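J.: Can you look at this prediction? I've put the sequence above it.
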2 protein chains.
Amino acid sequence: MKVEIVTTGTELLLGEILNTNAQYLSRKLNSIGFDVLYHTTVGDNPQRMQAVLEQARERADIIITSGGLGPTRGDITKETVMAITHTDSYLDLDTWGRIDAYFRKKGIPCPANNEKQAYVPIGAEVLQNEVGTAPGLWLDYNGKIFIMLPGPPSELMDMCEKQLFPRLLQRFADHGIILSRTLHLRGVGESRVAEILDDVIMHQSNPTIALYARYGEILIRMTAKAADDQAAAKLLDTCEAQVRDYVDEYVYGVDDASLAACLGQELLAQGKTIAFAESCSGGLASSLVTDVPGSSEYLLGSVVSYTNKIKNKLLNVQQETLDRYGAVSRETACEMAIGVRRVMGSDLGVSITGNAGPSASEGKPVGLVYIAVATEDVVYCQEHRFTSTRTENKLRIALAAISMAIDKLKEEKKQA
Amino acid sequence: MKVEIVTTGTELLLGEILNTNAQYLSRKLNSIGFDVLYHTTVGDNPQRMQAVLEQARERADIIITSGGLGPTRGDITKETVMAITHTDSYLDLDTWGRIDAYFRKKGIPCPANNEKQAYVPIGAEVLQNEVGTAPGLWLDYNGKIFIMLPGPPSELMDMCEKQLFPRLLQRFADHGIILSRTLHLRGVGESRVAEILDDVIMHQSNPTIALYARYGEILIRMTAKAADDQAAAKLLDTCEAQVRDYVDEYVYGVDDASLAACLGQELLAQGKTIAFAESCSGGLASSLVTDVPGSSEYLLGSVVSYTNKIKNKLLNVQQETLDRYGAVSRETACEMAIGVRRVMGSDLGVSITGNAGPSASEGKPVGLVYIAVATEDVVYCQEHRFTSTRTENKLRIALAAISMAIDKLKEEKKQA
């Protein structure tokens, strides 16, 4: 089944919001065996949206839209699908009742213009919205399926999980399966991996193999097509073994792996705990580590020490060190790592101090960062330079610290 | 000038990465007066990519691609553009030298397959890549322009800022301008704003007005077309005044405003400082606050207290409170806020304690969160329920804490 995802909304074309719906729908649909071939984004313009939907109907079996089901005049997705399928609508009292109840529950009178949302194209089925007002719609028309979903991600996801995906699986129970598996690599570049794997990749067509680079890691994605899950998994197992023959030393995880989760696994395996002292990363390293469920098992806590006073008072960085070398220095990084380890009572202390930009400080360049890892006996320190925007630098810095912590955990284990 | 952005890469269609390039390009291009009418995403498949590019050439004047310029076999964007423009390529020694130098600087021998990146379509101009290996390309063909950019966001952005945008502005110095302005609202729902503004929106065509909802806020976007910046700004000024007549009480910022930046402005205006004690948000509130340049002026520091021991030791939460009410309680939240305020020596202490999910703890439900704000004299506490995934809950929790801090700052100012 070929799918095209049509995300609508001028705010997407203006770049005011990120298109997270296209990513979410693609990941989920692929995982249940649907082939997403195109994403198209179009604004709230009737002619252009109509042309896009007509083309989507030509090149896909299932057309999934997101957005444009709201109560305002700018919301035209339902109306445009109705135009190209020559469908009329009726006021669905059940849906109107649900919208009214939604507002009543919130203690707000239901605004009159929400009535627009209760009009349902004749022949369409309603996908109820349990977290917002805009109902989703499923419309079969001439062998194609139009699925209209609301734009707000939380509404769209709730509707997909509870109603759309179960329904798609029921309707297309017997079609083939596409399964992907992704290996995550650290400590090696994309070109080098491409060179190593050139022969393997060239002779593979099912699964296919693709490489790409992401913050601080390289991903190898293998995609298999087969009649069922089991057959696809078998193809992937063989392919993975073949790939690992060449690059196993760099592989740190599979599929949903992340550097933060990898750190968590290593800590759990060694029964160790960690704490962070963050200056220029402002808490982001801790936040990434706590994105992983169960991280309370090994992250004891962190200190965001944005001022020298806090570095001194909470982390016991010597005032002399701060005066002599400055906050952005190898010396301060080391004392922060030792200090946070002691104050939190953790096995590892990881510190980050530097300048995320955009302006220089202490006469030191933007992007200069020191990361230190303290264990019981040793403190390691690395100097880094980052050259992106403030927020991207923060992300790269936080990931570099997590990556260094993994390295040191692994090295210490080897030496032990 | 009509622009279509064509992002390529099967990883996008599989939903493995978010399409940040489309957002970045759209925001920037709109701001310099180019009309982005479509985003299309297509995989690394020659036939489908060719069809997409041929269509883009029909409906746009400028076609901007991202991705598919790498050294691997899966990188086919340049080859596909060459196919539809009947263009051959040559080995550009200058570009080849730059790629070689890139690797030499890193102390790595240049992999042989990077040579592929040094082939330049005849008639194209090279946009040098200063942060990676894939050169960008600008190809004029039959009155249309194909612009090919690398996929990694940091490479694409660097190339755009330094080379592409200045060049586009030079080439199209005399075309009209589209200018947008966005008002950020707090404390009101989308339907309510739509209802209030219905009359205004109905009678507006230039600027147009659109509404949308985002985490914890409502945005009103006004978009004006005019001959130049000044004329467009004047249209926006009039429109903004009109809109503010109705909703001014809810407006907290304009354009790049964020709740974190709003908090920063309020703190700076009142000459106050802040500190966070974060449990279930894991440092994210501090990280959001420190995304704002200059935040070191008012954020003294934070404690991520993931364990009860740290809550007790670093934040002086009474052991009795933790034993009796649990970590997820109004009582603990209040003591954390008071504690962090004292230990950091800040004017405001903000605390967050709760359960971000996915599992329940202390017999309390997932998503139950307490947020407290302590000032010199008072400590305020709110109970919240969040119902999304762990990472989305973390974001909503952090923003709710920032929002509450803004409220309390404003209320205290009024009372003073």
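T.: Great, that's in hand. Numbers count the residues shown, from 1 in each chain, chains lettered A, B, ... in the order given.

J.: Work out for me the element A:Arg396 sits within.
T.: According to DSSP states H and E, A:Arg396 maps onto helix A:390-415.

J.: again, but for A:Leu211
T.: Taking DSSP H and E as the criterion, A:Leu211 maps to strand A:208-214.

J.: ok, residues contacting that strand?
T.: Contacts of strand A:208-214 with the rest of the structure, by CB atoms under 8 Å, 6 or more residues apart in numbering or on different chains, involve A:189-190, A:193-194, A:197, A:200-201, A:218-223, A:239, A:243, B:9-11, B:17, B:44, B:72, B:74, B:151-152. (Glycine included, C-beta is placed from N, CA and C.)

J.: Give the pairing partners of the next helix or strand after it; include direction for each.
T.: Sequence-wise, the next helix or strand downstream of strand A:208-214 (DSSP H and E) is strand A:217-226. Strand pairing for strand A:217-226, using DSSP bridges, gives strand A:177-185 (antiparallel), strand A:208-214 (antiparallel).

J.: and those strands as JSON lines, adding mean pLDDT, distance to B:Gly326 and mean neighbour count?
T.: Converted to JSON lines, the strands paired with strand A:217-226 look like this (pLDDT from 0 to 100; distance: least, CB to CB, whole Å; neighbours: other CB atoms under 10 Å in any protein chain shown):
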{"stretch": "strand A:177-185", "mean pLDDT": "86", "distance to B:Gly326": "37", "mean neighbour count": "21"}
{"stretch": "strand A:208-214", "mean pLDDT": "81", "distance to B:Gly326": "39", "mean neighbour count": "20"}
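
J.: export those strands to TSV and tack on distance to B:Ala101?
T.: Output for those, formatted as TSV (distance: least, CB to CB, whole Å):
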stretch	distance to B:Ala101
strand A:177-185	25
strand A:208-214	20
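
J.: does chain B sit close to stretch A:262-276?
T.: Yes: using CB under 8 Å from any CB of the partner chain, stretch A:262-276 comes into contact with chain B via A:Phe276.

J.: For A:Ala236, give me its contacts.
T.: One thing to correct before we go on: residue A:236 is Leu, not Ala. A:179, A:181, A:207, A:222, A:224.

J.: ok, now with 6 Å
T.: Applying CB atoms under 6 Å, 6 or more residues apart in numbering or on different chains to A:Leu236 gives the contacts A:181, A:207, A:222, A:224.

J.: partner residues bridging the first one?
T.: Put plainly, it is A:Arg181. Applying DSSP bridges to A:Arg181 yields these beta-bridge partners: A:Met222.

J.: can I assume it is in contact with A:Met222?
T.: Yes: taking CB atoms under 6 Å as the definition, A:Arg181 is a contact partner of A:Met222 at 5.1 Å.

J.: How far off centre is the one helix or strand A:Gly253 maps to?
T.: Following DSSP H and E, one finds A:Gly253 within strand A:251-254. The gap between where strand A:251-254 is centred and where its chain is centred comes out at 17 Å by CA atoms, centre = their mean, to the nearest Å.

J.: wait, does that strand contact chain B?
T.: No: against chain B, strand A:251-254 shows no contacts by CB under 6 Å from any CB of the partner chain, the least distance being 13.0 Å.
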